[in-house]
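Student: Provided below are the primary sequence and the corresponding predicted coordinates.
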Amino acid sequence: MLIHTQPLPTSLFVFSYSSKYQPYHINHVDGQVCLSHKNTYPSIFAVMPPFSRSRARSRRSLNSKIKCSTAADSSLSLTPDPDPDKNRKVPELNTLFKRFWKVAAPYWYSDDKVQARLQLAAVFALTLATTGISVGFNFLGRDFYNALANKDQEQFTNQLLYYLGAFAGGIPFFVLRDYARETLALRWRSWMTKYYMERYLMNQTFYKIQSQSIIDNPDQRIVDDLSSFSGTALSFSLTFFNAAVDLISFSNILYGIYPPLFVVLLVYSIGGTAISVFLGKGLVTLNFLQEKKEADFRYGLVRVRENAESIAFYGGEDNEMQLLLQRFRSAFDNLTQLLISSRNLEFFTNGYRYLIQILPAAVVAPMYFSGKIEFGVINQSVSAFNHILGDFSLIVYQFQAISAFSAVIDRLGEFDDILDNSNSKGLSDPLEEISLTYSNDINSPVFESNGSMPAEQSQRLLDVENLTLQTPTSKATLVRDLSLVINEKEHLLVMGPSGSGKTSLLRAMAGLWSTGRGKITFYVTVGEDFEAPTSADLTSLDVKLQNTNGEFKKAINRNSRGIFFLPQRPYMVLGTLRQQLLYPTWAEELIPPPDGTKPAGSLPFLMRGEDSENASVKSHKPTTDELTQALENVRLGYILSRFGLDSTYEWSSVLSLGEQQRLAFARLLLSKPKLVLLDESTSALDEANETHLYQQIEAAGITYISIGHRRTLYDFHKRVLRISTMDPNSSERNWQIESIQSGLLV
Ligand SMILES: Nc1ncnc2c1ncn2[C@@H]1O[C@H](COP(=O)(O)OP(=O)(O)OP(=O)(O)O)[C@@H](O)[C@H]1O
């Protein structure tokens, strides 16, 4: 137990700041951060290096306060927007605790748990050591000043040497404690980032979140909120731990001096905490909204960057400016309210802090006057009182940081729930009934597409039975009671007016939409170890989640099952031309350093193991020659001399739309799937190139289902599925299948 028997010397110091940093004021001075003690030692002042990561949040909010107080003087007009977020409820305390636990716990039970717990123990041990060192410095300081007061030169010199020795020995503990805490926070964040990204990208959750606008800014939650969560959770834990140690150390002293003083302190701090919670309760919501609005604003800017060419063609700068300003104003308005609430809370917090400064001295002074205690005991009681007050007042002093942290917990907890239940009723429609199955039973009898007569011995690839397809949110029926069979080489063209539901049919086949009824079965050849997933597998996160430790079973990937989808809008990944071509079938491996060593600081769980890659990754990965040949096959050989295979460009900007579509066909030819679903994949191409590409995939033995509007497409297909726009009042089928022979309908 750490007990101060003497008053703390007034020259202490830098050391105690971070173990009990809460009683300090934080100020910016010339790019440095200055901490000055808020209660016990108003004269103590320590200049710190620029903020560490764990204090980045304080810096950010501080910076934003500075920026905003400037902005408040500017001429921005502040017309309030009607804002549905204003009715957002403050989360209950127990909900917050549950969410905190749900977000925080998985890491400490994960594969990395041994390392994590050891590091945590080291951080706590170092924190205890630094607290002990601080106490030791108190005693050294006391003796130093006693020697000075007694004019004992020899003792003074000795104490000075002790002090310098202790200084040299003690400093590394403080540095190592902070380093250990920061590295643990980084490790925790890295693990959580992978854990969240994995669940976000799994099972098309990212698509559902985006297309159904389920939550705002998942990217910001993964980047900013996770970073601030791990850093703040650790530093708060240490702050509370320190407060507990401190409380035990100093309660005895204070209680021993004068018990009523202890009781007064208890009542004062409990009352203060209750009032600050009452005054600051709106801060959690405001902080939550601030995060959202800042992310919305940033997203708006990202959209401008991503769509630079379209905006420039439209000349839409004024509109963009207005939209962006609107988003910024929304963030600004909220921040203004946040500042007002913070200011009101500060009135109370500062009053609370200074009102009681002289109380302990005033209470014990009569005992001193009557000779019951020595003068030093007054100092000691003031010191102990302030320590305990600081410990009991953590919530008052830290309320703003706690409210910001609560907002982070709330946002992450909400995100975590969505990821966990990504296919439960919360996310998907209760009428979600389309069953999507991947079957390896290719021996079942093959029928003609009209379902009546046995066909020649070709392999069946797709079976659609009584499919009624609806839009996910409005439940508008797009296709009614569709049945069709696709056998090998029976290429199907899907036609129909714009908006009739052609792409949506592909969405259902890809498992992106499942509202409606009916059954879709893909028949695919797969390895012996493959257990054909059912539609429930495909929509149940549990199947893919082995446990809550964040270990995932191999995700089911339809590309590796011989089925490929080319979306309407070509998608170019961030990376090199080689990566474009390999996407999505093969992942580009990390290039190891020449000496074969692991990159410094790499964490085992950030590496993608073989198991987590597509099954097809194990299949032959195309060589440079094969990649070059694939480009030649789609008449794109000339871009090689321009860009090379291994340079990174913004491909969606440097390649024309038609070139991007041809690149997508090169991917297809390299992957050689059994069946491909093409959504207007040649719409930007001239007829000669279109014919060439269809000839290429036909020659590669790929069966295809294409969506398209052009009659020239008849030449490459055997049948056409014609979908008409659904009449909401009709209960009739809105589709028909016609045969094509030699490019003509029969
Ligand atoms: N996420 C969604 N939520 C609700 N309705 C949607 C959604 N996406 C598309 N729709 C609607 O579904 C209908 C069918 O859209 P779909 O994209 O399938 O049309 P399409 O036949 O492919 O049209 P086009 O030929 O113009 O590409 C449209 O009316 C569209 O507005």
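Tutor: In hand now; what should we look at? Numbering: from 1, shown residues only.

Student: buried sites along stretch 363-370?
Tutor: Along stretch 363-370, the positions that meet the burial threshold by neighbour count (16 or more other C-beta atoms under 10 Å) are 363, 364, 368. All C-beta atoms are positioned from the backbone trio N, CA, C, and that covers glycine.

Student: in terms of helix, strand or coil, where does the closest residue to residue 586 other than its chain neighbours fall?
Tutor: Using C-beta to C-beta, 6 or more residues apart in numbering and skipping residues adjacent in sequence, the residue nearest residue 586 is residue 621, 5.0 Å away. Following DSSP: H, G, I helix; E, B strand; the rest coil, residue 621 is assigned to coil.

Student: how close does residue 621 sit to residue 643?
Tutor: Relative to residue 643, residue 621 is positioned 21 Å away (C-beta to C-beta, to the nearest Å).

Student: which one of the buried residues of stretch 363-370 is nearest to residue 501?
Tutor: Minimum distance to residue 501 across the buried residues of stretch 363-370 is 79.7 Å, recorded for residue 363 (C-beta to C-beta).

Student: which secondary structure elements does the host helix or strand of that closest one sit against?
Tutor: Using DSSP states H and E, residue 363 sits in helix 359-369. Other helices and strands packing on helix 359-369, by 3 or more C-beta pairs under 8 Å, 6 or more residues apart in numbering; DSSP states H and E, are helix 259-279, helix 375-392.

Student: out of those, nearest to the ligand?
Tutor: When the helices and strands packed on helix 359-369 are compared by C-beta to the nearest ligand atom, helix 259-279 sits nearest the ligand, at 42.1 Å.

Student: so what touches the closest one?
Tutor: 251, 254-255, 344-345, 348-349, 352, 356, 359-360, 363-364, 381, 385, 388-389, 392-393, 395-396, 399 (C-beta atoms under 8 Å, 6 or more residues apart in numbering).

Student: any quick PyMOL command for the buried ones out of those residues?
Tutor: Listed next is the PyMOL selection for buried residues among the contacts of helix 259-279, using 16+ other C-beta under 10 Å:
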select buried, resi 251+254+345+348+349+352+356+359+360+363+364+381+385+388+389+392+393+396+399
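
Student: show me which of the contacts of helix 259-279 neighbour the ligand.
Tutor: Applying C-beta under 6 Å from any ligand atom to the contacts of helix 259-279, one finds that nothing falls near the ligand.

Student: once you drop chain neighbours, what's closest to the residue nearest the centre of the chain?
Tutor: The geometric centre of the chain, computed from its C-alpha atoms, lies nearest to residue 222 (C-alpha atoms, centre = their mean), at 1.0 Å. In space, not counting the residues next to it along the chain, residue 222 is nearest to residue 196; the distance is 5.3 Å by C-beta to C-beta, 6+ apart.

Student: do residue 565 as well
Tutor: residue 677 is the one closest to residue 565 (C-beta to C-beta, 6+ apart), at 4.9 Å.

Student: let me see the contact set for the one you found.
Tutor: Residues in contact with residue 677 (C-beta under 8 Å, 6+ apart) are 506, 509, 510, 563, 564, 565, 566, 704, 705, 706.

Student: the same query, at a cut-off of 7 Å, please.
Tutor: 506, 509, 565, 705 (C-beta atoms under 7 Å, 6 or more residues apart in numbering).

Student: so the last one, which state does it fall into?
Tutor: Read it as residue 705. With three-state DSSP as the basis, the three-state label of residue 705 is strand.

Student: that one touches residue 492, doesn't it?
Tutor: Yes - with contact taken as C-beta atoms under 7 Å, residue 705 and residue 492 are classed as touching, separated by 4.6 Å.

Student: shared neighbours of those two, anything?
Tutor: Contacts common to residue 705 and residue 492, judged by C-beta under 7 Å, 6+ apart, are residue 486.

Student: out of these two, which sits in the busier spot?
Tutor: residue 705 (25 against 22; other C-beta atoms under 10 Å).
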